[in-house]
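Undergrad: Next come a sequence and a model predicted from it.
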Amino acid sequence: MDYRILATFRARGADPCLAFAARGLSLAGEHGALWLAVGLTGAAADRTRRASWVRGTALVAGAHLASMGVKRVVRRARPAQVQPLVRTAGQHSFPSSHAASAAAAAVAFGALGVHAVAPFAAAMCLSRLVVGVHYPSDVAAGAALGALTARIGARWMKGETGG
């Protein structure tokens, strides 16, 4: 099932416009760069919530690092059945670090009222299938890891303490 879903999405990469967009998202999402830039821009622009933006950005980075750690343990090979449209920074695919940082950004920055991040995060997740470098289960696991990381850190991000 994982392969069939991957093959369906990867076939969409034959459309030049979709392939261009998916490649762009892959490049922008490398090492969580897009989401880190969004967080740091938010911190610079929103003085009243600067600390929350910085903490949210730290949660995004933490989700990315956590996914990298899981990759080192699981060591699942990237899909070999499809021709990828992009190069990857590593050879392991589970979980998707792009999906982890994207979901963390959607949850963390969404908690700050920036709901426009969520559709871009979803597009980032799906782009990993279009470019053919992850199985759907890699993307789902990465997104779950990122969302959970940000959700667990939400109170810290907002500067709230337990009582």
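TA: Great, that's in hand. Numbering: from 1, shown residues only.
Undergrad: Now do the buried residues in the host helix or strand of Pro119.
TA: Secondary-structure assignment from DSSP states H and E places Pro119 in helix 117-130. Going by neighbour count (16 or more other Cβ atoms under 10 Å), the buried part of helix 117-130 is Val117, Ala118, Phe120, Ala121, Met124, Cys125, Leu126, Ser127, Arg128, Leu129, Val130. Backbone N, C-alpha and C define where each C-beta goes, glycine included.
Undergrad: How far away from the center of its chain is the lowest-mean-pLDDT helix or strand in the chain?
TA: Within the chain, no helix or strand scores below helix 2-12, which has a mean of 81 by mean pLDDT, DSSP states H and E. In this view, helix 2-12 has its centroid 19 Å away from the chain centroid, taken as Cα atoms, centre = their mean, to the nearest Å.
Undergrad: and after it, which helix or strand comes next?
TA: Sequence-wise, the next helix or strand downstream of helix 2-12 (DSSP H and E) is helix 16-29.
Undergrad: angle of that following helix against helix 117-130?
TA: For helix 16-29 against helix 117-130, the angle by axes from the mean of the first three to the mean of the last three Cα atoms, to 10 degrees is 110 degrees.
Undergrad: Now Val130: closest residue in space, sequence neighbours ignored.
TA: Distances taken as Cβ to Cβ, 6 or more residues apart in numbering put Ala22 closest to Val130, at 4.0 Å, once the chain neighbours are dropped.
Undergrad: ok, the one you found - how many residues close by?
TA: 26 (other Cβ atoms under 10 Å).
Undergrad: low-scoring stretches of the protein, by residue?
TA: Within the chain, the segments meeting pLDDT under 70 span 161-163.
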